[in-house]
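[1] fold the following and give me the result.
(one chain, ligands or ions: 1)
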Amino acid sequence: MILFLEPVLKENVWGGNRLVAEFPYRAEGEHIGECWAISAHPHGDGVVMDGEYAGFTLSRLYKEHRELFGNIGAEEFPLLIKIIDAQTDLSIQVHPDDAYAREHEGVPYGKTECWYVMDCPEDATLVIGHHAKTRKELADMIAQDKYEELIRQVPVKKGDFLQIEPGTVHAIKGGFLILETQQSSDITYRVYDYGRLVDGKPRQLHVRQSIDVINVPDEADTKALRHTDGLPQNRLNLLEECAHYKVWKLELQGELAFEQEYPFLILSVLEGCGTVDGVAVEKGAHLLLTSGHGNVRLKGEFEAILSTVGGDAS
Ligand code: ZN
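    Now for the predicted structure:
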């Protein structure tokens, strides 16, 4: 079975208009920052658009028909797939791991996430990691507002892929369009917000939690980034395999058939168009192939990111 979900669009202070202008998404508002494309999270639970389960939320379908998801044991649907359009810089932030999220926030999942850079300006950088050598130095630099010295800027180009482990200081900057594959969580600790005011007030910072969870010393920059140019066409190229998810990139030129052997498989079309088992898909389409789908036949010319659950959550 192939499930299509109604995407959930989110307005954010840093959001732009590309999700509405360049993709088949509809939303009111000037600053649409996020499209939650495949989500069962309570803050944006996608609804199945058609077929036998039309009208079901993904969370309900996961609860009542776990067989569609390979009967995995994860207590909630484990992944969230979104496209982010940042017109201006996002806050500098960090996420907790599962253990910290459970203990301090009462939710099952912390947040490991990864980014595929769909578009970005020339000579762009992202904030990945920091330069503090000890937790004391980290706390002092935060207390003294020495963010320019603290944060690490990493050069990034279109097509790059970044894995963001919990405890990694990070920030998406203005001009980036990103496909994010993440654990189904929205627990974010804001370290610094550039002194911005939203509705006349600064947004809340979470300095104590940030200092708790930030990895010190930080080695994220040596592990986080990989380039995807030159990958072979017409095959699933594994970009990341961690406890929470597996993520692949596909450049399709013509046809590809393969066996859907995972508990479920998500396919997001980033560019181009074609068909999946005869069903037309275009840029911005996200679909979920359920367990036991069997052979999948892709045709057309498109670029896609695919994902499934990792070992821990299954
Ligand atoms: Zn994040």
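
[2] who's in contact with G174?
    Applying C-beta atoms under 8 Å, 6 or more residues apart in numbering, we find G174 in contact with W14, A86, Q87, T88, D89. Bear in mind the C-beta positions are built from the backbone N, C-alpha and C, glycine included.

[3] helix, strand or coil for Y116?
    strand (DSSP: H, G, I helix; E, B strand; the rest coil).

[4] state the pLDDT value of it.
    Y116 carries a pLDDT value of 98.

[5] residue contacts, it?
    So Y116 contacts 159-161, 178-181, 228, 239, 247, 249, 270, 305 (C-beta under 8 Å, 6+ apart).

[6] please apply the same query to E219.
    G129.

[7] that one and K133, how far apart?
    Relative to K133, E219 is positioned 12 Å away (C-beta to C-beta, to the nearest Å).

[8] and the furthest pair within the contacts of G174?
    Spanning the widest gap among the contacts of G174 are Q87 and D89, at 9.3 Å by C-beta to C-beta.

[9] what's the overlap in contacts for these two?
    With contacts taken as C-beta under 8 Å, 6+ apart, Q87 and D89 have W14, G174 as neighbours in common.

[10] check contacts around K158.
    Counted by C-beta under 8 Å, 6+ apart, K158 has contacts V117, M118, D119, C120.

[11] switch to 10 Å and redo it
    By C-beta atoms under 10 Å, 6 or more residues apart in numbering, K158 lies in contact with Y116, V117, M118, D119, C120, P121, E122, A124, F176, L177, T228, D229.

[12] the fifth one contacts V154, doesn't it?
    The one in question is C120. No: using C-beta atoms under 10 Å, C120 is not in contact with V154; the gap is 12.0 Å.

[13] the two - which one has more neighbours?
    C120 (22 against 18; other C-beta atoms under 10 Å).

[14] ok, and the closest non-adjacent residue to the more buried one?
    Nearest non-adjacent residue to C120, counting by C-beta to C-beta, 6 or more residues apart in numbering: F176, 4.8 Å away.

[15] about what we covered before: columns distance to E34, pLDDT and neighbour count on top of the contacts of G174, output as JSON lines?
    Formatted as JSON lines, the contacts of G174 follow (distance: C-beta to C-beta, whole Å; pLDDT from 0 to 100; neighbours: other C-beta atoms under 10 Å):
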{"residue": "W14", "distance to E34": "10", "pLDDT": "93", "neighbour count": "20"}
{"residue": "A86", "distance to E34": "10", "pLDDT": "98", "neighbour count": "22"}
{"residue": "Q87", "distance to E34": "12", "pLDDT": "97", "neighbour count": "18"}
{"residue": "T88", "distance to E34": "14", "pLDDT": "96", "neighbour count": "16"}
{"residue": "D89", "distance to E34": "15", "pLDDT": "95", "neighbour count": "17"}
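
[16] dump the residues you listed into CSV; add distance to E64 and secondary structure as well.
    Shown next, in CSV, are the contacts of G174 (distance: C-beta to C-beta, whole Å; DSSP: H, G, I helix; E, B strand; the rest coil):
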residue, distance to E64, secondary structure
W14, 37, strand
A86, 36, strand
Q87, 39, coil
T88, 41, coil
D89, 41, coil
